[in-house]
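# Provided below for reference: sequence and predicted model.
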2 protein chains.
Amino acid sequence: MPQNSPNRSWTTSITFVAPSFVRIGSLISGGKNSQRVDKSWSCVKRCRPMANATTDELEKVIHERLDVGKVTAMTRAGTSGWAVMHRATTDTGKRLFIKVSREDASMFQGEAQGLSAMFDTQTIRVPEVFQYGQLSSVQGSYIIMEALDLSPIYDQGELGRQLARLHLADPVLPEAHQGRFGFSIDNTIGATPQPNGWMEDWVSFFRERRLKHQLLLTGDSGLIDRGNRLCLRLNDLFDDIKDDIKPSLLHGDLWSGNISGEYAAPVIFDPACYYGHHEADFGMSWCGGFASGFWEGYHDLIPRAPRFEQRQKLYQLYHFLNHYNLFGGGYYGMADLILDQLLKELQ
Amino acid sequence: MPQNSPNRSWTTSITFVAPSFVRIGSLISGGKNSQRVDKSWSCVKRCRPMANATTDELEKVIHERLDVGKVTAMTRAGTSGWAVMHRATTDTGKRLFIKVSREDASMFQGEAQGLSAMFDTQTIRVPEVFQYGQLSSVQGSYIIMEALDLSPIYDQGELGRQLARLHLADPVLPEAHQGRFGFSIDNTIGATPQPNGWMEDWVSFFRERRLKHQLLLTGDSGLIDRGNRLCLRLNDLFDDIKDDIKPSLLHGDLWSGNISGEYAAPVIFDPACYYGHHEADFGMSWCGGFASGFWEGYHDLIPRAPRFEQRQKLYQLYHFLNHYNLFGGGYYGMADLILDQLLKELQ
């Protein structure tokens, strides 16, 4: 539908990622830059506007690499846990959305490649990414994408149908096209590293790259022991569908904070993409705000398979473990509970 | 701060609620209207535009009761679980946001009075409500409020500080001003009725109007028995702070889906307001997306009290019980888990 089709009009004139500018690992530190580094970070910490050096550098990047004219206005647009966000307008009328972080560019690389992969499916609205890279004036990195007219209102049924179309889209990456599970690069889920090395078999991928990875990060022997026992029984949850699991491009972190609307059409962003079993995209559904219309829309295109609810618990376990690793507290109990329930059900 | 101050320029010219038009319980049914009723509901169910009769009636309400000119455009802006949303523009340039539901006007009455109460504190941006009422052309109701320029980006620290200011604001309702807990009317939490009858004591209020109410709705003897045991020990959780609990105006359903930004300033909406212990507003924090900046901002103004984390579990229990009552499934396990943990801790 035209209303929901991502705007591709810039793709011929704008470099998606300029490899020469992406110098991951080449953080500038020491010498004259040290003070600037600290100043920039204190800005991020205190949610204040960017240091002038950062603004100047971003304006230069936009002018010289994006071919959209000169920046005429740049305003702060908020903060997240680890980034400061800005909106910019250029003298050609282009509107841009920019995130700046103290971290190196690898998180933005994961975000950029995930958004780009979803964008290319032409199934669901995502912001188009124009550039990301390491800052040279201060320690940190940035990502520049199109600014969207977002509003929290969207059509739940459309979200369900468009998400299903994303999951049904032919994989673009050759490994996924050949039936393998993973992604072109490792990325992050929240701030936790998420390994995406390709594997032939979905259950093995989910066990090794998802469950065991998060279990080890907890350092909690009680969780690890029971998690390992669950891993031994994992195939039982897929008995009914093992021949039907194809690599679907997943958003990977689909909770309500990463879903919005643009003129009532759903938009998704801030992904942790990889190719996996489509049901794994419901691992955050406990915080998705999905109404019945969403599920009807989704299952109109991808019917609910046997034992969906049981596997949903498994996929939620990954995210509860990750939340425990990120935030501690009550998420331990939730991971613990699901482990107990699944072990009991699989006895 | 001017940027975040709600716009009150309309308050002198627009009736907040027109009592003669709010005829709760006077649903039109039977006779010639029956067919229209069904048609309207099928529109809601299938997320299609409103029936013409509804559009005509809303345009008439806006023109005749809101003194903002005639509607020149009305477009659908999405659906939620139980409402269809529209945006309207008038020939005087006013932009309105309208929700239409098949239900009677009591849910919108709760929403309107909650938004209005928060709006009047001038502490945090909320949409201003202009009108709500029963539809007469079809079965259903509507609420009309200002349209906001929302975007999911906002400043987490500002949200924390502004929420704290909301909680610290002098109560406007006389009962709350006198130290009582409750609200002017009963409202809903999701679609679940939420009783708000005034009580002198916070712990009694939370026990009777919150925990026991949701426990009974589960109809589950295991939850009810243990919930009742927890109710007997509830005072223990408040030993350290019982003299400090004042009635704060709470949003009541503060999860990420009800938080957004307008030009980077936080905005909250879709409340389930009442006057209660300020910490109870974190009962949905497991799905709040609150970053560390949020907590720093909040606790700069309202310091974290002893046993905050333990009471947070209690306040989450209310919402997990409500989620179980609304959606079933895995929320049972979460309520069950918290009950067990609290009972163990309070032995």
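In hand now; what should we look at?

# spell out which parts of the stretch 101-250 of chain A neighbour chain B.
Counting by Cβ under 8 Å from any Cβ of the partner chain, the residues of the stretch 101-250 of chain A lying close to chain B are A:L150, A:S151, A:P152, A:I153, A:Y154, A:D155, A:Q156, A:G157, A:E158. In short, each C-beta sits where N, CA and C put it, glycine included.

# what about the helices in the stretch 101-250 of chain A?
Defined through DSSP state H, counting those that start in this stretch, the helices belonging to the stretch 101-250 of chain A, from first to last, are A:106-121, A:156-168, A:174-177, A:202-205, A:212-218, A:221-233.

# which among those is found nearest to B:L232?
Distances from B:L232 to each of these were compared using Cβ to Cβ; the minimum, 30.3 Å, belongs to helix A:221-233.

# run the chain-centre distance for that closest one.
Between the mean C-alpha location of helix A:221-233 and the chain-wide mean there is a distance of 27 Å, by Cα atoms, centre = their mean, to the nearest Å.

# buried residues in it?
Judged by neighbour count (16 or more other Cβ atoms under 10 Å in any protein chain shown), helix A:221-233 contains these buried residues: A:L223, A:R226, A:G227, A:L230, A:C231.

# kindly reformat those residues as TSV containing distance to B:Q316 and pLDDT.
Conversion of the buried residues of helix A:221-233 to TSV gives the following (distance: Cβ to Cβ, whole Å; pLDDT from 0 to 100):
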residue	distance to B:Q316	pLDDT
A:L223	21	97
A:R226	24	97
A:G227	24	98
A:L230	25	98
A:C231	29	97
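
# closest to B:D243 among the residues you listed?
For B:D243, the closest of the buried residues of helix A:221-233 turns out to be A:L223, at 40.0 Å, with distances computed as Cβ to Cβ.

# that closest one contacts A:L321, correct?
Yes. Between A:L223 and A:L321 a contact is recorded at 7.4 Å, counting by Cβ atoms under 8 Å.

# overlap of the contact sets of those two?
Here A:L223 and A:L321 have A:L215, A:A335 as joint contacts, going by Cβ atoms under 8 Å, 6 or more residues apart in numbering or on different chains.

# that older thread, from the residues of the stretch 101-250 of chain A next to chain B, which is closest to A:R304?
Checking those against A:R304 by Cβ to Cβ gives A:G157 as the nearest, at 15.8 Å.

# which pLDDT value goes with the closest one?
pLDDT, A:G157: 93.

# now distance to B:K344 too, for the helices of the stretch 101-250 of chain A, in JSON lines please.
Formatted as JSON lines, the entries for these read as follows, by distance: least, Cβ to Cβ, whole Å:
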{"stretch": "helix A:106-121", "distance to B:K344": "39"}
{"stretch": "helix A:156-168", "distance to B:K344": "39"}
{"stretch": "helix A:174-177", "distance to B:K344": "47"}
{"stretch": "helix A:202-205", "distance to B:K344": "36"}
{"stretch": "helix A:212-218", "distance to B:K344": "21"}
{"stretch": "helix A:221-233", "distance to B:K344": "16"}
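
# related to what we said a few turns ago, what's the farthest-apart pair in the buried residues of helix A:221-233?
Taking Cβ to Cβ, the two most distant members of the buried residues of helix A:221-233 are A:L223 and A:C231; they sit 12.0 Å apart.

# what number of residues lie near A:Y331?
A:Y331 is surrounded by 18 other residues when neighbours are defined as other Cβ atoms under 10 Å in any protein chain shown.

# from chain B, how far off is it?
The spacing between A:Y331 and chain B, counted by Cβ to the nearest Cβ, to the nearest Å, is 8 Å.

# enumerate every residue touching that residue.
When contacts are counted by Cβ under 8 Å, 6+ apart, A:Y331 is found next to A:F320, A:L321, A:H323, A:Y324, B:W286.

# pull out the buried positions in stretch A:57-75.
Of the residues in stretch A:57-75, those buried under the neighbour-count criterion (16+ other Cβ under 10 Å) are A:E57, A:L58, A:E59, A:V61, A:I62, A:R65, A:L66, A:V68, A:V71, A:M74.

# alpha carbons of the helix or strand harbouring the first one, as PDB, please.
To tie it back to what came earlier, the one meant is A:E57. In this structure, A:E57 is located in helix A:52-65 according to DSSP states H and E. Output of helix A:52-65 as PDB, limited to C-alpha atoms (Å, rounded to 0.1, in the frame of the first residue of the first chain):
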ATOM      1  CA  ASN A  52      29.800  22.300  19.800                       C
ATOM      2  CA  ALA A  53      32.600  20.100  18.300                       C
ATOM      3  CA  THR A  54      30.100  17.300  17.800                       C
ATOM      4  CA  THR A  55      27.500  19.600  16.300                       C
ATOM      5  CA  ASP A  56      30.100  21.000  13.900                       C
ATOM      6  CA  GLU A  57      31.200  17.500  12.900                       C
ATOM      7  CA  LEU A  58      27.700  16.200  12.300                       C
ATOM      8  CA  GLU A  59      26.800  19.300  10.200                       C
ATOM      9  CA  LYS A  60      29.900  18.600   8.200                       C
ATOM     10  CA  VAL A  61      29.000  15.000   7.700                       C
ATOM     11  CA  ILE A  62      25.500  15.900   6.600                       C
ATOM     12  CA  HIS A  63      26.700  18.500   4.200                       C
ATOM     13  CA  GLU A  64      29.600  16.600   2.700                       C
ATOM     14  CA  ARG A  65      28.400  13.100   2.600                       C
END
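
# run a quick neighbour tally on the residue nearest to A:Q194 when sequence neighbours are not counted.
Counting by Cβ to Cβ, 6 or more residues apart in numbering or on different chains, A:N187 is the residue found nearest to A:Q194 once chain neighbours are left out, at 5.3 Å. Neighbour count of A:N187, defined by other Cβ under 10 Å: 24.
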